[in-house]
Structure formats: structure tokens, C-alpha cells
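Participant: Compute the structure for the input listed below.
(one chain, ligands or ions: 2)
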Amino acid sequence: MLSCRVCGTRNWERVLSLGYTPLANNYVRMNDLKKEEIYYPLTTVFCAQCGLVSLDVVIPAPVLYDFYYYLSSESKTILAHNEWLARYLTTRFGLGPADLVVEIGSNTGTQLRCFKTLGCRTLGVEPAENIATLANEHEVETLNRYFTTATAADIVTQHGRSRCIVARHVFAHIDDLGDVLRAVNRLLADDGVFVIEIPYLVDLVDRNEFDTIYHEHLSYFTIGTLQRLMERYDLRILDVEHVEVHGGTIIVLVERARGQEAERVRSMIEEESAKGANKLEYFRAFAARTEQIKLDLVSMILDLKRRGQRLAGYGAPAKGNTLLNYCGIDSAYLDYVRDNTPTKQGLYLPGTHLRIRSDEYARAHPPDCYLLLAWNYATEILEKEKEFIDAGGRFIVPIPAPVFVGG
Ligand code: TYD
Ligand code: ZN
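Facilitator: Ligands and ions are numbered 1, 2, ... in the order given. Just a heads-up that it's a prediction; the model follows:
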């Protein structure tokens, strides 16, 4: 068993087992459908010492990220969020043309482009070769490397120190957090800010977002646990913003440790304790609710099938693969899943082998009901599919608990 990547102990308690699943972003090409896929255990554990929730296995980063299917979302919701974040940080920290903004796991550069527009110098760090190439083609300067102490040292030599290091939806993917935080210490200017955007564990649990558990997400953090980690590396949390994207996300502003802990941060940590978010029982109750969702969802779908209805999935997000594999929902129930990402279309989902179809195909072959796998875009998608709903079509929104919409 691993030692805890925050406190180093091995005081693990098992929380929730989602069975065995293939890697959630390993979409399958038609020619590979007959090849056997590797299934890995998907189990979360809780550290009784520091409150970290973690997976109990670590898939080596090169297996997951040297080639990566996941492209930064270009959805309206996320583009608006990218713009807001760049504006918020440049204003709050007075970032300008002299300042370098570095993004870790910068993907195709959609976030950095917003900082560029606002006049900052930018540099992306992206380990996936296929994606770093795309970013550079789109004129967002990007190093094709993992963010390590060596990478940080090279950036300092070539570009100087950074006043703003951004890590959006990547911190939870990193096993060796010590090396990354040492790298941050090396690269960050004395008055700089390190910005971590991650799903908030309290939202994940309170809203039953079990499907956001997959092999890329190694750690699930409360603010209390993060604060404890930062202290070990002479950093501290300056402030936290809580936003709605991806089902509840925190944007944690980290600076070099100085002075007292911020009042707002202390009160958020107190709220977490008051809720019991540092206790095993809190997670055990979540595990029980997850099992109930599986039972309810499967019975809703079986009922529709018995009545001869046609079903399809809406969106092919990574989390959809956790949900489908855990609930055993495959081609016996869904005809296809639709996704508007051109690079995913024509591929098949890992495990369930559902075919990913385009929006055009779905409009020509509409089901009676969609299972909304991309539920984090519910508002945007339900609005876009008004015509389908007005014509009697329905959605099942599975999270926080399966309900019908429309019809
Ligand atoms: P996302 O939530 O970005 O990712 P993940 O769970 O993998 O981290 O995935 C949303 C998926 O939904 C993405 O593949 C694009 C797709 N999508 C549509 O097909 N249509 C839409 O209108 C929207 C907003 C998303
Ligand atoms: Zn721990």
C-alpha cells in the first residue's frame, strides 16, 4: 500500500470501490475493438491522519499522459470561466506585460490565450506531445515536458521567475506532489501566486459526484488537507474562490508562507470540520448513496427499455466511463453516445464499447431519451436541446440523483 502523498503515513481506510474499469480516457479505435483492454481496480481510500482521499493504485503518468485524448473544453461555460479567471488574477495581482504566467498542464492553451489577450507573457507546460504540438501550432508557446524541479530551473534560466503559476485540473493528477511544490518554490517570484483549480471534495461528496473518480484523479482534497500539504513546503493558502464549473470547483490561491493564516481560509476549514468532512463516516455515507444511485439509475433505464424506448448517451466525458462501467450500462441499453469533440467521434468508449457519434448523426437518429453523461454542462445542453425536449424528448440527469427532465 502507498504512503499518503500529503502526510506520509499509511493510515488508510477503504471508502468506495467502483470495481475494475479501463482507463477513462482510453477511447478505443474500431480496429482495436477485439484487443483485450486492461482493467484496473478503482477504489478510493481515506487517510485517517490528514483527511486525504486517494486512489489506492497509481497508473504511471507516461501511460496516461504521453499521448492524451482530452482537449481543453471549448464549451461556452468553460470559455467564460477561462476569461473570468484571467481577468480576476491579472486584476487582483496587478499582472502586466512584464509578468510571466506559467500554466502547468496547459493543454491546447485556451486558458493562457486569455492571459495573452490581457497583455501578459505566457508559457505553457504540457506533457502530452500531441497536445503540446497543437498548442504551439496555435501560437501559445508550450514546452512539451512534465512540470518538475528540472523544468522549473530551465524556465527560470530562460524566462525568469513567474508571478503567476496556474494549475487547472491537474494538481489532483500528480503523484509526486513534493517535487511539483519544490518546482513551484523555485519558479515562483517572491510576490507571486500559485493558483490551483481542483474539484472540491466536499462538493463531490455532497452532490454524489462519484463518477468524477477515475484513474487520472489520484487525490481528492479538502481545503484543510491542502493547507497541511502547503505548510510542508513553506507555502500557505492566501484565499479560496468556490465556483460552479465541473460540479463544484475550488480555486486556491497559494503564496509563500508569511505571517498569519488568512481568516477566510480558517473559517472554510472550520466549516469542513463542522460537516464531518475529515471523518470516515462522511465518506461511508457517500459510498452508500453511490450504490443507491446505481440501483435507481439501472431500474429507470430497464423500465424504459421494457417499454421499447431508445436511449443514447449525451457527451463522452471521461467521467461518463466511470458511470457506465460501474453501473454496467452498455450497448444493451444505449444505442450510441453523442459528443461534439471531432477527435472523439468514430471512436468507442473504453469498456462498454459504445460508439461515439456526432451531433449531426444524433439529430438524424434521435433517441427517446438521453442519459446526460456530461451533467456538468446540464444548463448549456438542456438549453441547446430545447427543440428535442419540446418535441417530447427526455433526459435522465444522473447526478446528484437520477431524475427525468423534459417529456
Ligand atoms: P468534460 O466535462 O470537459 O470532461 P471530463 O469529464 O472528461 O473531464 O467533458 C464534457 C464532454 O461533453 C466533452 O467530451 C464534450 C461533450 N459535450 C458535448 O458533446 N456537447 C456539448 O454541448 C457540451 C457542452 C459538451
Ligand atoms: Zn495523509
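
Participant: How confident was the prediction at the residue lying closest to residue 329 once chain neighbours are set aside?
Facilitator: Closest residue to residue 329 in three dimensions, ignoring its sequence neighbours and counting by Cβ to Cβ, 6 or more residues apart in numbering: residue 301, at 6.5 Å. In this view, the C-beta of every residue, glycine as well, is placed from N, C-alpha and C. At residue 301, the model reports a pLDDT of 98.

Participant: And the helix or strand that contains residue 301, what does it pack against?
Facilitator: Here residue 301 is covered by helix 280-306, with elements defined by DSSP states H and E. Under the contact definition 3 or more Cβ pairs under 8 Å, 6 or more residues apart in numbering; DSSP states H and E, helix 280-306 sits against strand 12-21, strand 40-47, helix 201-206, strand 311-314, helix 318-327, strand 394-397.

Participant: Name all residues that make contact with the residue nearest the centre of the chain.
Facilitator: In the chain, the centroid-proximal residue (Cα atoms, centre = their mean) is residue 169; its distance is 5.1 Å. By Cβ atoms under 8 Å, 6 or more residues apart in numbering, the contact list for residue 169 reads 105, 197, 198, 199, 246.

Participant: now do residue 214
Facilitator: Per Cβ under 8 Å, 6+ apart, neighbours of residue 214: 21, 23, 24, 42, 318, 319, 321, 322.

Participant: Close to ligand 2: what parts of the protein are there?
Facilitator: 4, 6, 7, 47, 49, 50, 52 (Cβ under 5 Å from the ion).

Participant: okay, these in CSV with secondary structure and pLDDT next?
Facilitator: Shown next, in CSV, are the residues of the chain next to ligand 2 (DSSP: H, G, I helix; E, B strand; the rest coil; pLDDT from 0 to 100):
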residue, secondary structure, pLDDT
4, coil, 97
6, coil, 97
7, coil, 97
47, strand, 98
49, coil, 97
50, coil, 97
52, coil, 98
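
Participant: for residue 135, helix, strand, or coil?
Facilitator: What DSSP: H, G, I helix; E, B strand; the rest coil gives for residue 135 is helix.

Participant: check contacts around it.
Facilitator: By Cβ under 8 Å, 6+ apart, residue 135 lies in contact with 106, 107, 108, 109, 124, 126, 142.

Participant: Show only the entries of those residues found in strands.
Facilitator: Those of the contacts of residue 135 mapping onto strands are 124, 142, per DSSP state E.

Participant: would you list every one of the helices in the stretch 51-200 of the chain?
Facilitator: Ranges of helices in the stretch 51-200 of the chain, per DSSP state H, counting those that start in this stretch, are 61-65, 76-93, 110-117, 129-137, 149-159, 177-187.

Participant: Excluding sequence neighbours, find me the nearest residue to the closest residue to ligand 2 within the stretch 301-407 of the chain.
Facilitator: For the stretch 301-407 of the chain and ligand 2, the shortest gap (Cβ to the ion) falls at residue 322, measuring 23.7 Å. Distances taken as Cβ to Cβ, 6+ apart put residue 211 closest to residue 322, at 4.4 Å, once the chain neighbours are dropped.

Participant: Who are the contact partners of the residue of the stretch 101-250 of the chain found nearest ligand 2?
Facilitator: Minimum separation of the stretch 101-250 of the chain from ligand 2 (Cβ to the ion) falls at residue 225, amounting to 7.5 Å. Contacts for residue 225 (Cβ under 8 Å, 6+ apart) come out as 6, 50, 51, 52, 201.

Participant: now, among the residues you listed, which is nearest to residue 266?
Facilitator: Set against residue 266, the nearest of the contacts of residue 225 by Cβ to Cβ is residue 51 (15.7 Å).

Participant: The closest one touches residue 222, doesn't it?
Facilitator: Yes. The pair residue 51 / residue 222 is scored as a contact, 5.7 Å apart, by Cβ atoms under 8 Å.

Participant: Common neighbours of those two, please.
Facilitator: 277, 278.

Participant: end-to-end on stretch 306-326?
Facilitator: By Cα to Cα, to the nearest Å, the extent of stretch 306-326 from end to end equals 22 Å.

Participant: actually stretch 238-248, sorry about that
Facilitator: 20 Å.

Participant: any idea how far residue 229 is from residue 203?
Facilitator: Residue 203 is 19 Å from residue 229, where distance means Cβ to Cβ, to the nearest Å.

Participant: Have a look at these two and say which one is more surrounded.
Facilitator: Using other Cβ atoms under 10 Å, the more surrounded residue of residue 203 and residue 229 is residue 229, with 24 against 18.
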